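Engineer: A predicted structure for the sequence below; I have some questions about it.
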Amino acid sequence: DAGVIQSPRHEVTEMGQEVTLRCKPISGHNSLFWYRQTMMRGLELLIYFNNNVPIDDSGMPEDRFSAKMPNASFSTLKIQPSEPRDSAVYFCASSGQATNEKLFFGSGTQLSVL
Amino acid sequence: TQLLEQSPQFLSIQEGENLTVYCNSSSVFSSLQWYRQEPGEGPVLLVTVVTGGEVKKLKRLTFQFGDARKDSSLHITAAQPGDTGLYLCAGARPGGSYIPTFGRGTSLIVHP
């Protein structure tokens, strides 16, 4: 099992540029989560999908952030335009009915907005 | 305001020492999880506690869920350098979908 796969691992961009983060959940998992981690705020939930449908996006900071899950094996988190305060580590996690509330995390994308 | 408060925020100890870290909330949780995160990686689940008062052991790690299901503790006996990492607690509210909220974590360093 390959686990949750995120890309890129590192992203450095300039303020105002569009950033797209990608996630491939574990095959068979029906729930997908995007989290953001910073020293100040810890691990914050941005959005939660169940069966490819966004269920809770109350953690999405503002309209500059958007997330999609076009199918069960792929999700994207887009920031447009990016700002320096968006710098953080972004994690994708997935879980399934058989895993009994266990989240499997990817290795994260380290985003730096200059 | 953090839903889950973890303490201490940082802990630096010598190999062989014992330690306890805490996870507290004013809210009731249907379950509580403990994760460990190593640098450059995502969190990895250590344990899930469900029943108030429940105690679970994982080798040198002992996890306890409070009777009221609002708090939890993690005790490590004879800490090893391999225990170094960020320990996160995560709780899910009763009812509805499983959407865990995480505390900020306790960063533990165990010196050889």
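Structural biologist: That came through fine.
Engineer: Quick check: the residue of chain B nearest chain A.
Structural biologist: residue B:42 (2.8 Å; Cβ to the nearest Cβ). The C-beta positions use only the backbone N, C-alpha and C, and glycine is treated the same way.
Engineer: what about the nearest residue to that residue once chain neighbours are set aside, distance to residue A:54?
Structural biologist: The spatially closest residue to residue B:42, leaving aside those adjacent along the chain, is residue A:105, at 2.8 Å (Cβ to Cβ, 6 or more residues apart in numbering or on different chains). Residue A:105 sits at a distance of 19 Å from residue A:54 (criterion: Cβ to Cβ, to the nearest Å).
Engineer: Which one of these two is surrounded by more residues?
Structural biologist: Counting neighbours by other Cβ atoms under 10 Å in any protein chain shown for residue A:105 and for residue A:54 shows that residue A:105 has the greater number, 22 against 15.
Engineer: Who is the residue nearest to residue B:42 paired with across the strands?
Structural biologist: residue A:93 (DSSP bridges).
Engineer: List the contacts of it.
Structural biologist: By Cβ atoms under 8 Å, 6 or more residues apart in numbering or on different chains, the contact set of residue A:105 is A:4, A:91-93, B:41-44.
Engineer: Just the residues you listed: which are in strands?
Structural biologist: The strands, defined by DSSP state E, take in A:91-93, B:44 from the contacts of residue A:105.
Engineer: What subset of the residues you listed is buried?
Structural biologist: A:91-93 (16 or more other Cβ atoms under 10 Å in any protein chain shown).
Engineer: which of these lies closest to chain B?
Structural biologist: residue A:91 (5.3 Å).
Engineer: can you tell me how far the closest one sits from residue B:63?
Structural biologist: When residue A:91 is compared with residue B:63 (using Cβ to Cβ), they lie 23 Å apart.
Engineer: Leaving out sequence neighbours, find the closest residue to residue A:70.
Structural biologist: Leaving aside its chain neighbours, residue A:70 sits nearest to residue A:52 (7.5 Å; criterion: Cβ to Cβ, 6+ apart).
Engineer: again, but for residue B:21
Structural biologist: residue B:106 (4.3 Å).
Engineer: and the gap between that neighbour and residue A:92?
Structural biologist: Taken as Cβ to Cβ, the span from residue B:106 to residue A:92 is 24 Å.
Engineer: Name the residues linked to residue 71 by a beta bridge.
Structural biologist: Using chain A. Under the criterion used (DSSP bridges), residue A:71 bridges to residue A:74.
Engineer: oops, chain B please
Structural biologist: residue B:24.
Engineer: Same check on the one 5 residues further on?
Structural biologist: Here residue B:76 shows beta-bridge partners residue B:19, residue B:61, assigned using DSSP bridges.
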